[in-house]
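Chemist: quick one: sequence and predicted model below, then my questions.
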2 protein chains.
Amino acid sequence: MKRVTIDDIAQAAGVSKGAVSYALNGRPGVSEPTRRRILEIAERLGWAPSSAARALSDGRAGALGLVLNRPPRVLGVEPYFMQLIAGIESVLATEGSESGALLLKVVDGVEAELACYRRWWAERRVDGVILMNLRMDDPRIDLVGELGLPAVLLGGPERTGGLPCVWSDDGAAIEEVVEYLFSLGHRRIARVAGPEEFVHTGTRTAAFERTARRLGLRDTRTVHTDYSDEAGARAARRLLASGAPPTALVFDNDLMAAAALGVAAELGRAVPAQVSLVAWDDSALCRLVRPPLTAVRRPIAEHGAAAVRLLLDLLAGGEPRDVETAAPILVPRGTTGRCGAVG
Amino acid sequence: MKRVTIDDIAQAAGVSKGAVSYALNGRPGVSEPTRRRILEIAERLGWAPSSAARALSDGRAGALGLVLNRPPRVLGVEPYFMQLIAGIESVLATEGSESGALLLKVVDGVEAELACYRRWWAERRVDGVILMNLRMDDPRIDLVGELGLPAVLLGGPERTGGLPCVWSDDGAAIEEVVEYLFSLGHRRIARVAGPEEFVHTGTRTAAFERTARRLGLRDTRTVHTDYSDEAGARAARRLLASGAPPTALVFDNDLMAAAALGVAAELGRAVPAQVSLVAWDDSALCRLVRPPLTAVRRPIAEHGAAAVRLLLDLLAGGEPRDVETAAPILVPRGTTGRCGAVG
DNA sequence: CGGAGCTGCTGAACCGGTTTTGCCCTCGAA
DNA sequence: TTCGAGGGCAAAACCGGTTCAGCAGCTCCG
């Protein structure tokens, strides 16, 4: 059961290795009849290229890398990651066997993430990577630049350090949410955001405050969390128990919004009669809880797909460019209503 | 910015490539002082082995493969997969750079999954794979046997076709659930299970029926679904709307149980006063919904970790063996109560 | 008729490791 | 003293591809 190599094919066809290589890769150097004969023999022998040999000789790994930097506990809960991966895989599958593999790593901490890129690149395990959750002064940008490791960014388009990115207009979505809540009569709106160091958190915060100012809202707040359900619950509890509690809460993910739903129940606040809630990222979770969560929907899988396409294009020698995907849209459901409505 | 190779090290140290290889791999063939010198130089030059070159010469890819066969939509929602991946990664990270990478593939359909194993093995992209969701007469078992592709199974321990497996005693857990519901006075219990073709579905069904018989329960039913929230809701709706509706529902995942909670609300059935619900797999979802779901908790991440350890051991020449992990435990919460209790 | 240019292929180098072979030297035992 | 064993290393083969230089034969053109 030995491996079939191009040597075997060459021998069977009575030609040289080089000719076989040309034939199999569809490049000039062999006549059409010879090519057909070689392809036929390769097919018959069940030949498949050794990824190692190919990687060694042409210097490309044939794989892309994705590092998830998140405590394992949170990973399981947030649907975001899996949807992203599904999107990434969808284009990797179609792209032929070119860079067809996705190398995945789960780490906890920025340092571990940086170390992972270093090793992957040093070992030439990947041809490029997708960076997610862009931070302020993100050290990864410097690192990939320094290493020469091809990379694309999920996020931006600011503070990307020149890296090509895939982004959507979060600010516009936040604006839409605030206007929507305003139109429902809400005047005290609070935002339960993700970690302050994420760029997209800043983008949303800025848009939130800008819109609030424009509408003349004075009583708005943003509190930061780590995206976990506990943190979301804690923030909601604190906000709702404060002196002049907000009448609407806007969350930076769906998990925290769902947790806040529980908190509201616990505090005896009717949703949406007394408090309105808006989630970010519309997953099944939003539809499962009662009442179903009003949410901002982003095409997450498309983000992943676009990122891969951009990266592959880059690897093929394409020009770096930024890709804007469809804007997030607000999906009103059962957790938003007129401010102070009676049941 | 050229790559540092062992040739560079050899040249710097004034020795041959072979000596450097011996030194770096900690095998006899060089003297202790030489070894130290070589290691020091390698360190200084920042050398890292090319995974491709190593793979080519010693025939091992240095990566393990995992294929997720599930429609992308479902993937995002089920926390199971991410938890599993987190578990897998946890041991891959500690194991040094031996087989340190995880190759991931998302497919939809058995055929695509089989094709993926074929290609991975033909291209020698992976050293072994982890198979999940064992089916009756699973074609993957024959395939890996035929290919000689090392594999371990998540599930079993029956119908594994001789493949080493990691399993936990699902039957005992189901038994515990049924006894628990029985002790609460429930006599009409229905089970909303996963697809019939999965081996673990069969295992649970058998245990369910055995326990029901033992307790003298005559009105039990098992209906099959595809694990999706819609299917779970549909099944719950149908069961609860039937002539003599069950007073307790046992689900094969958490997603469907959460969906059923919504259905119960919709039908005006109080939980747990009128209907009790038990989920399988205790994720954050169970704690987020109101009331929080009673659930069977399995150490999913540990499953993944155990599977990797088993596979790595196998690759290192270890004997195939089966690993039983901690038994699932029942975590009673707010969706189970005495049968017919008044709110 | 001669040289330039193209086609279609061969042979060999190359990628960066591991492993085998073989040489030289030293040391211990007969 | 001699012989064998074994340690320490160099040199080369090898893994399975890609790619480059070169060469034979043919065509085309002045």
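Modeler: Nice, thanks for sending it over. Numbering: from 1, shown residues only, chains lettered A, B, ... in the order given.
Chemist: give me the element A:R234 is part of.
Modeler: Using DSSP states H and E, the element containing A:R234 is helix A:229-240.
Chemist: equivalent analysis for A:H200, please.
Modeler: Under the criterion of DSSP H and E, A:H200 resides in helix A:199-215.
Chemist: how about the helices in the stretch 201-343 of chain A?
Modeler: Secondary structure of the stretch 201-343 of chain A, counting by DSSP state H, counting those that start in this stretch: helices at A:229-240, A:254-267, A:284-288, A:300-315.
Chemist: likewise for the stretch 1-150 of chain A?
Modeler: All helices of the stretch 1-150 of chain A, identified by DSSP H, counting those that start in this stretch, fall at A:6-13, A:17-24, A:32-45, A:51-58, A:72-77, A:79-94, A:110-122, A:139-147.
Chemist: what's the closest of these to B:R191?
Modeler: helix A:72-77 (24.5 Å; C-beta to C-beta). Every residue, glycine included, has its C-beta placed from N, CA and C.
Chemist: so the least confident helix or strand in chain A by mean pLDDT, near chain B or not?
Modeler: Scoring the helices and strands of chain A by mean pLDDT, DSSP states H and E places helix A:72-77 at the bottom, with a mean of 74. Yes. Helix A:72-77 comes into contact with chain B (C-beta under 8 Å from any C-beta of the partner chain), by way of A:72, A:75-77.
Chemist: identify the farthest-apart pair in those.
Modeler: Farthest-apart pair in these is A:P72 and A:V77; separation 10.3 Å (C-beta to C-beta).
Chemist: state the number of residues packed around A:N69.
Modeler: Around A:N69 there are 21 other residues, counting by other C-beta atoms under 10 Å in any protein chain shown.
Chemist: hmm, back to that, please identify which of A:P72 and A:V77 sits among more neighbours.
Modeler: Taking other C-beta under 10 Å, A:P72 and A:V77 do not tie; A:V77 has more neighbours (25 against 18).
Chemist: just the pLDDT for the nearest residue to that one once chain neighbours are set aside.
Modeler: Residue nearest to A:V77 in three dimensions, not counting chain neighbours: B:A284, with 4.2 Å by C-beta to C-beta, 6 or more residues apart in numbering or on different chains. Looking at B:A284, its pLDDT stands at 83.
Chemist: ok, B:A284 to DNA strand C distance?
Modeler: 43 Å (C-beta to the nearest atom of the strand, to the nearest Å).
Chemist: can you pull the contacts of that residue?
Modeler: A:76-77, A:229, A:255, B:79 (C-beta atoms under 8 Å, 6 or more residues apart in numbering or on different chains).
Chemist: how's chain A carved up into domains?
Modeler: Following automatic domain parsing, one gets these domains for chain A: A:6-48, A:63-168+A:300-324, A:170-297.
Chemist: the second one and DNA strand C, any residue contact?
Modeler: Read that as domain A:63-168+A:300-324. No. Under the criterion of C-beta under 7 Å from any atom of the strand, domain A:63-168+A:300-324 makes no contact with DNA strand C; the nearest approach is 7.8 Å.
Chemist: same question, the first one
Modeler: Yes. For domain A:6-48 and DNA strand C, the contact criterion (C-beta under 7 Å from any atom of the strand) is met by A:14-19, A:22, A:29-31, A:33-35.
Chemist: give me the contact status of that domain with DNA strand D.
Modeler: Yes. Applying C-beta under 7 Å from any atom of the strand, one finds that domain A:6-48 is in contact with DNA strand D at A:6-7, A:17-18, A:20-22, A:24-25, A:27, A:47-48.
Chemist: try the second one
Modeler: No. Domain A:63-168+A:300-324 is not in contact with DNA strand D by C-beta under 7 Å from any atom of the strand; minimum separation 11.0 Å.
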